[in-house]
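Visitor: No sequence on hand, only this structure:
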């Protein structure tokens, strides 16, 4: 079994859930998260609204809101984070590749901020209600 952790754009959540349902895998957990990647939290408006002219993008930067932590604590420099969604899926080994391919297919825009996928081993899974273990528990 593997745990698949996908950090995706907020607006891609419904289409991702639908694609995974169509794949026959609807079990997942979803969390609202904030993070930053290579752009350090800065996003060009053009990346968020492709109808805007390129010159507008060059002159205006959309700065995401500071993280909740930064607002509640005194930090030397405000940490900027972009709101995202984190999907967590535990799947049998034979489904991992198809789940990853589907997540990539529906989330790839080709622009910064498309997200990341992490795959980790899972040693044991137990369904609390029935006591079922491993693949029967997921």
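Guide: All right, it came through fine. Since the structure is predicted, the reported quantities are computational estimates derived from the model, not experimental observations.

Visitor: now residue 26: how far from residue 7?
Guide: Distance of residue 26 to residue 7, computed by C-beta to C-beta, to the nearest Å: 20 Å. C-beta: built from backbone N, CA, C; applies to glycine.

Visitor: Same drill for these two, tell me which one is more crowded.
Guide: More crowded of residue 26 and residue 7, by other C-beta atoms under 10 Å: residue 7, with 20 against 11.

Visitor: The helix or strand hosting the more buried one - contacts with which helices or strands?
Guide: Assigned by DSSP states H and E, residue 7 belongs to strand 2-8. For strand 2-8, the packing partners by 3 or more C-beta pairs under 8 Å, 6 or more residues apart in numbering; DSSP states H and E come out as strand 82-91, helix 93-107, strand 116-121.

Visitor: Not counting sequence-adjacent ones, nearest residue to residue 134?
Guide: In this structure, residue 134 finds its nearest non-sequential neighbour in residue 125, 5.6 Å apart by C-beta to C-beta, 6 or more residues apart in numbering.

Visitor: OK, contacts around that neighbour?
Guide: Counting by C-beta atoms under 8 Å, 6 or more residues apart in numbering, residue 125 touches 1, 90, 133-135, 137-138.
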